[in-house]
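S.K.: only geometry, no sequence info:
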């Protein structure tokens, strides 16, 4: 159990589900948020797949990576990604770590760099850092950030940016709110897909054939993350024609939806209106 505000816990549960639906995470990957009652801790799910996370799965972790849970449950091995970034960057309020497939190619090539191609991805900038774990762990490593030393190196690589690639592994996204972190992680993956397609269409012209955002546009184009967040209603198996209501305040998921989600991932889908009808 956690002492954090229930609304914050519900938002973290919803964040896990949204990232799964958007293809940013699958059975792996994780999202965290700073504890709203304790300055020395953050909230992270125990070691379960993001799509199945419930409020009961949310644990408290301190900045040394120690999990505080009366039941003795464990969290993710790579929780040091979160603990060390929170420790090094006091302004960061939420973190997403994922292995989204469109992103990874940009972490292993030197000919093309990840750059913003649409109005929603200006936060990427033109010099996305790439964390090379071999610089800290040596050549003989499993590429996982399972120690504080590796987490500190990643936090240093992130610098003052909001997004960093992890060579051959994935990425890390940070923001000053949980909703913005989820939105950025989603649009980083979408930008990678769009940029890959644009480069394919440009052919031999490469980067010179792609019209990227200009420096003056390198800022978040998010007039309302609240609207974007509310637009993700998650429904499971329910009676045909029944209606679900997504709470416009925090997009809380009802216990019925959580049970349906856990019972049948095959019925999981995204609905983009606040009042939903299940077909």
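M.R.: In hand now; what should we look at? Just so you know, these numbers come straight off a predicted model, no measurement behind them.

S.K.: the helices in the stretch 101-250 of the chain, which residues?
M.R.: Assigned by DSSP state H, counting those that start in this stretch, the stretch 101-250 of the chain shows helices spanning 105-108, 134-137, 148-158, 178-202, 225-230.

S.K.: most tightly packed of the ones you listed?
M.R.: Per-stretch averages of neighbours, counted by mean count of other CB atoms under 10 Å, single out helix 178-202 among the helices of the stretch 101-250 of the chain, with a mean of 21. Where you see a C-beta, it was placed from the backbone N, CA and C, and this is true even at glycine.

S.K.: list the contacts for the closest residue to residue 113 other than its chain neighbours?
M.R.: Nearest residue to residue 113, sequence neighbours excluded (CB to CB, 6 or more residues apart in numbering): residue 128, at 6.4 Å. Residue 128 makes contact with 106, 113-115, 161, 163-165, according to CB atoms under 8 Å, 6 or more residues apart in numbering.

S.K.: now the buried members of these.
M.R.: 106, 114-115, 161, 163-165 (16 or more other CB atoms under 10 Å).

S.K.: now, the residues you listed that are in strands?
M.R.: 163-165 (DSSP state E).

S.K.: in a markdown table: the buried ones among the contacts of residue 128, plus distance to residue 174 and pLDDT.
M.R.: Shown next, in a markdown table, are those (distance: CB to CB, whole Å; pLDDT from 0 to 100):
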| residue | distance to residue 174 | pLDDT |
| --- | --- | --- |
| 106 | 18 | 96 |
| 114 | 16 | 95 |
| 115 | 19 | 94 |
| 161 | 8 | 94 |
| 163 | 8 | 97 |
| 164 | 9 | 97 |
| 165 | 13 | 98 |
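
S.K.: the residue nearest to residue 5 when sequence neighbours are not counted: neighbouring residues, count only.
M.R.: Excluding its sequence neighbours, the residue lying closest to residue 5 (CB to CB, 6+ apart) is residue 36, at 5.2 Å. Around residue 36 there are 15 other residues, counting by other CB atoms under 10 Å.
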